[in-house]
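[1] okay, sequence plus prediction incoming.
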Amino acid sequence: MKFALILSSLFFMSLIQSEPQSIHQFKVKDINGKTFDFSLLKGKKIMVVNTASKCGLTPQYEQLEAVYDKYKNKNFIIIGFPANDFMSQEPGSDKEIAQFCLQNYGVSFPMMSKISVKGKDMHPVYQFLTQKAKNGLEDNKVEWNFQKYLLDEKGHLVRVVSPRILPNDPSIIAWIEK
């Protein structure tokens, strides 16, 4: 009985001390329906952002693309997740969203298939990003479209950035360049 108690205590302690999960564990569908494997991003800094085409913050696509274009060859990537969770500001199909992003903002960073970033049907990637038990950093809620999540080269969450902070904010650029 004592041996079982000791073993269960050691197991519990190992859970507490274990490293947080990594975004590298996920595979998702991209906006063209192909599998996108986050494990292929090991060694890169990642910005994950939930996007919408009919939002007052939609012009952030321009800054996102500029940041991506400048740093994409320096172990940095942006991953966009269209979501229709805030005032139905992303009503289109994946095909319509892809066309909008390309025509209006020249988006070349990877865009994923439209998902939910909150509520009971929240996508597993966003469960990871918003739950401290999974990300090891903090519990948080997606406040609005264009909230940014910064992840280090190991796929661990290091910062949650408000939707109102632009993608080219000096603090974000300093993190990318560090």
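    Good, I have the coordinates.
[2] tell me the mean pLDDT for stretch 39-49?
    The average pLDDT within stretch 39-49 is 98.
[3] which residue ranges of the chain form helices?
    For the chain, helices defined by DSSP state H occupy the ranges 2-17, 60-71, 94-105, 124-130, 132-135, 170-177.
[4] check the gap between the closest residue to Leu57 other than its chain neighbours and Ser108 for me.
    Leaving aside its sequence neighbours, Leu57 sits nearest to Phe146 (C-beta to C-beta, 6 or more residues apart in numbering; 4.4 Å). Quick note: C-beta positions are derived from backbone N, CA and C, even for glycine. Separation of Phe146 from Ser108 (C-beta to C-beta, to the nearest Å): 18 Å.
[5] export the helices of the chain to JSON lines and tack on mean pLDDT and mean neighbour count?
    Shown next, in JSON lines, are the helices of the chain (pLDDT from 0 to 100; neighbours: other C-beta atoms under 10 Å):
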{"stretch": "helix 2-17", "mean pLDDT": "53", "mean neighbour count": "9"}
{"stretch": "helix 60-71", "mean pLDDT": "98", "mean neighbour count": "18"}
{"stretch": "helix 94-105", "mean pLDDT": "97", "mean neighbour count": "16"}
{"stretch": "helix 124-130", "mean pLDDT": "98", "mean neighbour count": "19"}
{"stretch": "helix 132-135", "mean pLDDT": "95", "mean neighbour count": "16"}
{"stretch": "helix 170-177", "mean pLDDT": "98", "mean neighbour count": "13"}
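[6] dump those to a markdown table, plus distance to Val142.
    Output for the helices of the chain, formatted as a markdown table (distance: least, C-beta to C-beta, whole Å):
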| stretch | distance to Val142 |
| --- | --- |
| helix 2-17 | 27 |
| helix 60-71 | 15 |
| helix 94-105 | 18 |
| helix 124-130 | 7 |
| helix 132-135 | 13 |
| helix 170-177 | 18 |
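[7] show the end-to-end separation of stretch 80-97, please.
    With C-alpha to C-alpha, to the nearest Å as the measure, stretch 80-97 spans 11 Å from end to end.
[8] and that stretch, how far out from the chain's middle?
    The chain centroid and the centroid of stretch 80-97 are separated by 15 Å under C-alpha atoms, centre = their mean, to the nearest Å.
[9] give me the residue at the spatial middle of this protein.
    In the chain, the residue lying closest to the centroid (C-alpha atoms, centre = their mean) is Val48, at 2.7 Å.
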